[in-house]
Each structure stands twice: as structure tokens, then as C-alpha cells.
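Asker: With the sequence up front, the predicted model follows.
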Amino acid sequence: MDDITKFAQQLGLSGEQDPIAEEACLNCRKSAISLNQPLKRCGNCRVAMYCSQDCQKANWKSHKRQCASSTQKQAKQGPSQGQKGEFNATLSGLMQAADGKYLHGLSEDDAYSAIIDSYRLRVEDDYVYGQGVSGLYADEDPFPDFQEYLSLAEERGVMPPWWNTEKRRECERRSNGADWSNIFYAVEKSDIIDHYKDSLMPMKLRMVAEKVYGTRVGT
């Protein structure tokens, strides 16, 4: 019997109408299928599932005791193989970013998005931390500034081995496309986290920009 089934039984939710087995929100009981969206696990115990933060907050009083119990059990057991794999992948990504090789391990589509978003976040950071304004934040066409950023990235070995003139033109085209990564729209740290579903993504993108510009934000 897995942890989710045990959890459901303790809460009196097991049986034919078991919403947990159907991946349903623990609070409102709506299934992922009916909501047409994936559910999110409790960030602490990783067992309870919710459709929204509002449902998670509403269910906290009844969930907190089980949450603490599940967390303590997981701490005694140590990290699972999946958690170890996730940690190793995260550590590897950060090390690659610090070495200026983060883009090298990505697919072409992901590399295009990452280099564009590293530029977008750096422009935002420079503005927030008083490092000056450029491109969009200077009420200018950001494209020439982004082209200069790409040229610096090429000179400093940040771009992946498959990068060439044709790939650069494709990246420039995507920088003003209909997708998320668009230099004509401002972006913040919270936006990056929401989009990539990765709390460390802003750090990775900032490391990429540091390698491009040779300086850290705020220095």
C-alpha cells in the first residue's frame, strides 16, 4: 500500500469514490480530469494534492497533522531515488551555469528560450538594482541591445557548439515572436519561476548573463 492510499484511508476518503486515487483535490474533491489541469502536491509532505492555493489554505487545519507526520517519516527514510536524481540534475545545471556551459546541455528550443530570458531578466535586474537602463527599460527598441548581448555570448563561449549564423537568426526571430520569450515584454523573477516551474531558474539565467557581461548584478 503506497503513502497516498494510506493517507486517503486515514482521512476516510478510500473506496469506490476515492478522489486521491483519481488525482483529486483534497479540499474541493474536484478531479484533475474535471478541472482539465494537473494538480499540485503539498510542497512540504509531497503527498496531499490541491487544485489551487486557496484550496490548500482552506484544507490546512485538517492536513497539517498528517503533513508533519509524513514529513518526519520521509526525513527518517532519507531522500528517495527520484529526489536524489532531481537534486543531482539541479546541481549539475547550476554547475554548468556557473561554468558558462548551461546552454550546452539544452535542446535547441530550450536554449533559445534560456538565452532570450537570461537577457530579459538581466535588463530587469539592472533596472531594479540601479545598474542603469537599456533596451525596453530605456524606452528604446530592445533588438539592437539584444543583438549586442548575443555577440558577447558568442565571444565568451556561452553559446552551444551547434550555434551558427543561421541559429542566431532563428533566435533573433524568436525574440520578437508570439511565444513567452519576447524581449519586447518585461519579465520579473517571479514570472520566470512561474513559467519554468523551477525556483532555481532565475539563478541559472543570472549566471548565464554574468558570463555574457562578465559582471554580477549589483556590482
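Answerer: All right, it came through fine. Bear in mind the structure is a predicted one, so any value in this text is a computation, not a measurement.
Asker: Please make it C-alpha for all contacts and neighbour counts, starting now.
Answerer: Fine.
Asker: Could you chop this protein up by domain?
Answerer: Domains of the chain are assigned by automatic domain parsing as 3-78, 84-213.
Asker: Pick the most deeply packed of these.
Answerer: domain 84-213 (a mean of 17; mean count of other C-alpha atoms under 10 Å).
Asker: Give me the mean pLDDT for that one.
Answerer: For domain 84-213, mean pLDDT rounds to 86.
Asker: Could you pull out the strands in this protein for me?
Answerer: Assigned by DSSP state E, the chain shows strands spanning 40-41, 49-50.
Asker: Including mean pLDDT and distance to Ser199, could the ones you listed go into CSV?
Answerer: Shown next, in CSV, are these (pLDDT from 0 to 100; distance: least, C-alpha to C-alpha, whole Å):
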stretch, mean pLDDT, distance to Ser199
strand 40-41, 84, 15
strand 49-50, 90, 19
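Asker: Select, out of the ones you listed, the one closest to Phe143.
Answerer: strand 40-41 (37.3 Å; C-alpha to C-alpha).
Asker: The closest one pairs with which strands, and in what direction?
Answerer: strand 49-50 (antiparallel) (DSSP bridges).
Asker: Indicate which one of the strands of the chain is closest to Lys197.
Answerer: strand 40-41 (11.2 Å).
Asker: and for that closest one, what are the contacting residues?
Answerer: Here strand 40-41 makes contact (C-alpha atoms under 8 Å, 6 or more residues apart in numbering) with Val47, Ala48, Met49, Tyr50, Cys51, Ser52.
Asker: gap between the third one and Ala58?
Answerer: Looking back up the chat, that one is Met49. Met49 sits 13 Å away from Ala58, going by C-alpha to C-alpha, to the nearest Å.
Asker: which residue is nearest the centroid of this protein?
Answerer: Asp198 (2.4 Å; C-alpha atoms, centre = their mean).
Asker: before we move on, back to that, between the strands of the chain, which one is closest to Ala114.
Answerer: Nearest to Ala114, of these and by C-alpha to C-alpha, is strand 40-41 at 24.7 Å.
Asker: How far does that closest one sit from its chain's centre?
Answerer: 15 Å (C-alpha atoms, centre = their mean, to the nearest Å).
Asker: what does stretch 123-140 give?
Answerer: For stretch 123-140 - counting by C-alpha atoms, centre = their mean - the centre lies 23 Å from the chain centre.
Asker: what's the answer for stretch 201-219, then?
Answerer: For stretch 201-219, the distance to the chain centre is 17 Å (C-alpha atoms, centre = their mean).
Asker: repeat for stretch 188-198
Answerer: The answer for stretch 188-198 is 5 Å, by C-alpha atoms, centre = their mean.
Asker: and what of stretch 37-48?
Answerer: 16 Å.
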